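A.B. asks: no letters, just coordinates:
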C-alpha cells in the first residue's frame, strides 16, 4: 500500500523534518499516528497525499508517486486535514458535487452517516459549527470508500457522543483492502480502534508495531508501587500506571498514553527492541 524508502524532507535545509525515513504501511489496518508537537505528523500525511514533495528518497502509494497527483491516484485517496475551508454550498449539495470524483462513492452511505451523526445536510457548510462541519466531512470521507483514508485529528471538535459514533463508523468502514491512517493527540478517544501504532520522533519513526507485538515485549499495569525495572510510571487512581519489560509474555492491555511516554523516555531501548 505505502512504501517509503530513505525519504527526507525539510522546510529549511538546516532543520530536517524527516531524515532517511523508511517504513511500510499495509492495507487492512487502522494506523494510529502519534508524536510530540512539531515532529511532522501533518507533514507526513501531506507527503503521502502528494501535497508536499520529498527532498530525497522515495514515497510510493499503491504504486503511484503521490507528488504527480495523477487522477487514478486521487480517486483512491481521501485526505481530511484538521482544519479545512468550506464552501457556501449545502452539505448534501457539496457531497453530490465531490462524490463523482471517487468511483466507489455511495450517496446513500453518506446520507446514513449524516443521520447517525445528527447533521442536517440541507444546512450550508459555512453556517455550521466546527463540530458539525467536521462530522459532515467525516461522513463524506467515509462515503467515498477510498483505498487510503488519511484523517488528521478527526476527533477534535467532536463531543463525547460523536466520538463514540466516529469510532463505530470507522471500525465499520475498515476492511482488508483499505488502509486508514489517523493522526491524533486524543489517544483515549481511539484507544480501542487503532492498530498498529506508529510513533514519530524528530527526523524518523520510533515505533511502527501492532498491539500484539507491543504486548509481547511490554507489560502495562496499575500497581501500588513503582517496579525497579519500570520504563515509565505515573500516578493513577489506585497506585501507579507502569510500563515494564515483559520477558514472560504475560498478557496485558496496551495503555497508549503510557506507551507513548515510555517510548519518548526510552528512545534507544525502543529502537533496539522494535526495529
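C.D. replies: Looks like it came in fine. Since the structure is predicted, the reported quantities are computational estimates derived from the model, not experimental observations.
A.B. asks: where does this structure dip in pLDDT?
C.D. replies: Residue ranges of the chain with pLDDT under 70: 13-14.
A.B. asks: can you give me the end-to-end span of stretch 65-79?
C.D. replies: 16 Å (Cα to Cα, to the nearest Å).
A.B. asks: do stretch 112-125 as well
C.D. replies: Stretch 112-125: ends 18 Å apart by Cα to Cα.
A.B. asks: list the buried residues in it.
C.D. replies: For stretch 112-125, the neighbour count (16 or more other Cβ atoms under 10 Å) marks 113, 114, 117, 119, 121, 125 as buried. From N, CA and C alone the C-beta is placed, and that goes for glycine too.
A.B. asks: can you redo those as JSON lines with secondary structure and distance to residue 53?
C.D. replies: Formatted as JSON lines, the buried residues of stretch 112-125 follow (DSSP: H, G, I helix; E, B strand; the rest coil; distance: Cβ to Cβ, whole Å):
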{"residue": "113", "secondary structure": "helix", "distance to residue 53": "33"}
{"residue": "114", "secondary structure": "helix", "distance to residue 53": "35"}
{"residue": "117", "secondary structure": "helix", "distance to residue 53": "35"}
{"residue": "119", "secondary structure": "coil", "distance to residue 53": "35"}
{"residue": "121", "secondary structure": "coil", "distance to residue 53": "36"}
{"residue": "125", "secondary structure": "helix", "distance to residue 53": "30"}
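A.B. asks: in TSV, list those residues along with distance to residue 46.
C.D. replies: TSV is the format used below for the buried residues of stretch 112-125 (distance: Cβ to Cβ, whole Å):
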residue	distance to residue 46
113	25
114	27
117	26
119	27
121	28
125	22
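A.B. asks: which one of the residues you listed is nearest to residue 233?
C.D. replies: Nearest to residue 233 out of those is residue 117 (Cβ to Cβ; 38.6 Å).
A.B. asks: show me which of the buried residues of stretch 112-125 is closest to residue 232.
C.D. replies: Distance to residue 232 across these (Cβ to Cβ) is lowest for residue 117, with 36.2 Å.
A.B. asks: with adjacent residues omitted, what lies nearest to the closest one?
C.D. replies: Excluding the flanking residues, the one nearest residue 117 by Cβ to Cβ, 6 or more residues apart in numbering is residue 135, at 4.0 Å.
A.B. asks: tell me which residues touch the one you found, please.
C.D. replies: 114, 117, 118, 119, 158, 162 (Cβ atoms under 8 Å, 6 or more residues apart in numbering).
A.B. asks: was I right to think the fourth one contacts residue 92?
C.D. replies: No: under the criterion of Cβ atoms under 8 Å, residue 119 is not in contact with residue 92, lying 9.8 Å apart.
A.B. asks: hmm, back to that, so which of the buried residues of stretch 112-125 comes closest to residue 221?
C.D. replies: Among the buried residues of stretch 112-125, and counting by Cβ to Cβ, the member closest to residue 221 is residue 117, at 36.5 Å.
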